[in-house]
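Asker: need a structure here:
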Amino acid sequence: MDKVFAIYSRKSKFTGKGESVENQIELCRDYLKTHFGEEEAQKAVVFEDEGFSGKNLDRPQFKKMMKAIKDKKICAVVCYRLDRISRNIGDFATLITELNAIEVGFISIREQFDTNSPMGRAMMYIASVFSQLERETIAERIRDNLHELAKTGRWLGGITPTGYISRGEETVNIDGKKKKAFRLAEKEDEKELVKLIFSKFKETDSLTATESYLLEHRFKTKNGKDFTRFSVKSILVNPVYMIADADAYKYLSECGIELYSDESEFDGVHGIMAYNRTHQEQGKATKIKPMEEWIVSVGKHPGFISGADFAAVQNMLHRNQSKAYRKERSHTALLSGLLKCGKCGEFMRPHMTKRINRDNELTYYYSCNLKLRSKKSRCNGKNAGGNEIDKKIIEAVKSLDLSGENYFASLKKTLSQNGIEKNDSESEAVKLQEEIEQAEKDIQKLVGSLTDSGGAEKYILQRIDELGRKVSNDKARLESIQSYNSKPFDRINAVKLMKDLIKHFANNVDKLSIEQKRLAVRAFVKEVIWDGEYAHIVFFGGEYDDSVSNTVKTTESPDENGIFYPSGTHRK
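Answerer: Next comes the predicted model:
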């Protein structure tokens, strides 16, 4: 189906004069006729909302138009004037960004705004600047509220730190209204674990050594997982554990932190509460903000690491930063992120040596990550020769046989979004669209409530973040379903494509860069499992030739999805 132009018109009240929806539509058609021809002007689809305000995008015909855009039926949106779309600069900038991402143009005939032109793109960026200004204004209001909250020393919720539990306490204000506040209380077993971690780090002066000790003695995080250097460090740098004593006051003052408690409140009993300490962005790891941006006060909870000890640990971490752990990187290793230890299931990482092999190559080997981290106390699997195993994997891909039905079955299952039927997926698409619209409404309401939230910003921001992730995930899923429904699986072309890729790979592998080789191998190989003697290849379906030498061994029968698993491994 050919894409067409969408004409959008809106007016808050019906008047029949001036810029009525009918006049707007005719002006837009005239513009299309002049610039794109009579045929395009007549084919244009009209969406008109009359009696709706421009303060937000919650309008029936506008939503219908956006659905047509997401269904890839629209090439560009045309309107008479910018404010016909929205009077909210944030909504407008978001819309322009979304249209630009899916390569749909936007034209406003009154302002000569056309995102296909340099001037139009410039205006788009200007709109984005205003949107950013709006977000920064909201952030400033949030910070003002955090200043007030800091004076109370309250726990605002979120992930409770190891060593504490969160308890709700109800209070009644002078108006008789009940309010619920939270405070941290000690959790004895976790408290002792935190004290052990601080003690062990001070003793070893090493995150890696502390991690190895915790792994060897099988200590777990509060989520039941093995400790890593990063989870250890997240505990060591959290000021919530620091006792508010004279040393703490001195340390925080010297760090240039904004303190909202007098020196007299550092009583040697309570802990420290730090607000505005982290930066959280959807899809990215949480980052610690510079200390100058923190808002700190004495909390209502007990601390259990002295100010002197906490300051000493921070100085040690800072001193060690220049020689901090760095993952060893090999510029030639092929199987990073694919090769797993058959003994414990952890990934195996490449490590370079200074030796040269007979082919005049610098040699490297793969070693189990858990083996290294636990100093062999949790796994003692054998290392794998990197140069040899990588070459064997390449040979295995080059000799992959696509003629069997198993490969076809697996390929079809992958391309059909986990095997959902079309009728089922259409129902799911309708439900997802409804959920996306509802979540976006909820986000708008929550953002509007930030400025009058009575100290509940942390919960509101957390909920906004949760809804934002849901919208992102739902949109990705919806796009996948729509793509699947519009493109039926073509067995002949799919298998032909894969065969052509393998042939091209086999003929040109020596010319490819290591990054290109990695990408090519990942197109066919799900994972490789090293049992200390053989490398078992797990393909995304397909037959495998047993004639490969004993460094690489084939797997046994495929599962119901056409995927091969090595003998003796667990099938999920």
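Asker: Quick check: mean pLDDT of the helix or strand harbouring residue 100?
Answerer: Using DSSP states H and E, residue 100 sits in helix 89-101. For helix 89-101, the mean per-residue pLDDT is 75.
Asker: tell me which strands and helices it is in contact with?
Answerer: Judged by 3 or more C-beta pairs under 8 Å, 6 or more residues apart in numbering; DSSP states H and E, helix 89-101 is in contact with helix 82-85, strand 105-108, helix 118-150. Just so you know, the C-beta spots here come from the backbone N, C-alpha and C atoms, and that holds for glycine as well.
Asker: Recalculate using a threshold of 6 Å.
Answerer: Packing contacts for helix 89-101, counted by 3 or more C-beta pairs under 6 Å, 6 or more residues apart in numbering; DSSP states H and E, involve helix 118-150.
Asker: in stretch 182-193, what counts as buried?
Answerer: 182-184, 187, 190-191, 193 (16 or more other C-beta atoms under 10 Å).
Asker: Quick one: those residues as TSV, columns for distance to residue 368 and pLDDT too.
Answerer: Below are these laid out as TSV (distance: C-beta to C-beta, whole Å; pLDDT from 0 to 100):
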residue	distance to residue 368	pLDDT
182	42	76
183	43	81
184	38	88
187	33	91
190	29	92
191	33	93
193	26	95
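Asker: Tell me the one among these nearest to residue 63.
Answerer: The nearest member of these to residue 63, counting by C-beta to C-beta, is residue 182 at 38.4 Å.
Asker: which SS class is the closest one?
Answerer: Classification of residue 182 using DSSP: H, G, I helix; E, B strand; the rest coil returns strand.
Asker: thinking it is in contact with residue 168, fair?
Answerer: Yes. At 5.4 Å, residue 182 and residue 168 qualify as touching, with contact defined as C-beta atoms under 6 Å.
Asker: who touches stretch 233-251?
Answerer: The contact list for stretch 233-251, computed with C-beta atoms under 6 Å, 6 or more residues apart in numbering, reads 161-162, 194, 197, 207, 263, 266, 268, 270-272, 274, 298, 303, 305-308, 310-311, 313.
Asker: same deal with stretch 40-59?
Answerer: So stretch 40-59 is contacted by 4-12, 14, 21, 25, 29, 32-33, 61-62, 65, 83, 86-87, 91 (C-beta under 6 Å, 6+ apart).
Asker: give me the element the closest residue to residue 225 other than its chain neighbours is part of.
Answerer: For residue 225, ignoring the flanking residues on the chain, the nearest one in space by C-beta to C-beta, 6 or more residues apart in numbering is residue 231 at 7.8 Å. Using DSSP H and E, residue 231 sits within helix 229-236.
Asker: Alpha carbons only: can I get that helix in CSV?
Answerer: C-alpha atoms of helix 229-236 as CSV (Å, rounded to 0.1, in the frame of the first residue of the first chain):
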residue,chain,number,x,y,z
ARG,A,229,33.1,-5.8,42.5
PHE,A,230,30.3,-3.4,41.4
SER,A,231,27.8,-4.5,44.1
VAL,A,232,30.6,-4.4,46.7
LYS,A,233,31.5,-0.8,45.6
SER,A,234,27.9,0.3,45.6
ILE,A,235,27.8,-0.6,49.4
LEU,A,236,31.2,1.0,50.1
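Asker: Quick check on the contacts of stretch 40-59: which are buried?
Answerer: Here, 16+ other C-beta under 10 Å leaves 4-11, 21, 25, 29, 32, 61-62, 65, 86, 91 buried among those.
Asker: The nearest residue to residue 67 once chain neighbours are set aside: which element?
Answerer: Distance criterion C-beta to C-beta, 6+ apart; nearest residue to residue 67, sequence neighbours excluded, is residue 433 at 6.8 Å. Using DSSP H and E, residue 433 maps to helix 422-449.
Asker: and if you look at residue 39?
Answerer: helix 38-43.
Asker: and that helix, which residues are buried?
Answerer: 40-41.
Asker: What pairs with the following helix or strand past that helix, parallel or antiparallel?
Answerer: Of the helices and strands lying after helix 38-43 in sequence (DSSP H and E), the nearest is strand 45-50. Strand 45-50 has the following sheet partners, assigned by DSSP bridges: strand 4-11 (parallel).
Asker: Show me what the mean pLDDT comes to for the strand it pairs with.
Answerer: 90.
Asker: Kindly tell me how buried residue 308 is, as a neighbour count.
Answerer: 16 (other C-beta atoms under 10 Å).
Asker: To clarify, my last question referred to residue 45.
Answerer: 14.
Asker: Please apply the same query to the one 4 residues further on.
Answerer: By the other C-beta under 10 Å criterion, the neighbourhood of residue 49 contains 21 residues.
Asker: That one pairs with what?
Answerer: residue 10.
Asker: how close does it sit to residue 106?
Answerer: Applying C-beta to C-beta, to the nearest Å, the value for residue 49 to residue 106 is 17 Å.
Asker: which residues sit in contact with residue 8?
Answerer: Counted by C-beta under 6 Å, 6+ apart, residue 8 has contacts 47, 65, 77, 79.
Asker: go on, residue 215?
Answerer: 226, 373-374, 378.
Asker: quick one: which of the residues you listed sit in strands?
Answerer: Secondary structure assignment (DSSP state E) places none of the contacts of residue 215 within strands.
Asker: And those residues, which is closest to residue 478?
Answerer: Nearest member of those to residue 478, counting by C-beta to C-beta, is residue 226, at 36.2 Å.
Asker: and the residue nearest to the closest one when sequence neighbours are not counted, what pLDDT?
Answerer: Distance criterion C-beta to C-beta, 6+ apart; nearest residue to residue 226, sequence neighbours excluded, is residue 215 at 5.9 Å. What the model reports for residue 215 is a pLDDT of 91.
Asker: Which of the helices or strands spans residue 202?
Answerer: Using DSSP H and E, residue 202 falls in helix 188-204.
Asker: got the angle between that helix and helix 229-236?
Answerer: Here helix 188-204 points in a direction 100 degrees away from that of helix 229-236 (axes from the mean of the first three to the mean of the last three C-alpha atoms, to 10 degrees).
Asker: can you list the residues that contact helix 188-204?
Answerer: 162-163, 210, 213, 235, 304-305.
Asker: 10 Å instead?
Answerer: Residues outside helix 188-204 that contact it (C-beta atoms under 10 Å, 6 or more residues apart in numbering): 160-165, 187, 206-207, 209-214, 217, 219-222, 227, 231-233, 235-236, 238, 240-241, 302, 304-306, 309-310, 312-313, 316-317.
Asker: Starting from that helix, tell me the next helix or strand along the chain.
Answerer: Taking DSSP H and E, what comes next after helix 188-204 is helix 207-216.
Asker: For that following helix, which residues meet the burial criterion?
Answerer: So helix 207-216, judged by 16+ other C-beta under 10 Å, has buried residues 207, 210-215.
Asker: Dump those residues to TSV, plus distance to residue 508.
Answerer: Listed next are the buried residues of helix 207-216 as TSV, based on distance: C-beta to C-beta, whole Å:
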residue	distance to residue 508
207	43
210	47
211	43
212	44
213	49
214	47
215	43
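Asker: Out of the residues you listed, which comes closest to residue 526?
Answerer: Nearest member of these to residue 526, counting by C-beta to C-beta, is residue 215, at 27.7 Å.
Asker: so how far is residue 466 from that closest one?
Answerer: Residue 215 is 32 Å from residue 466, by C-beta to C-beta.
Asker: repeat for residue 525
Answerer: 35 Å.
Asker: quick one: which of these two has more around it?
Answerer: More crowded of residue 525 and residue 466, by other C-beta under 10 Å: residue 525, with 20 against 14.
Asker: Which residues are in contact with the more buried one?
Answerer: Contacts of residue 525 by C-beta under 10 Å, 6+ apart are 334-335, 338-339, 393, 396-397, 400, 537-540.
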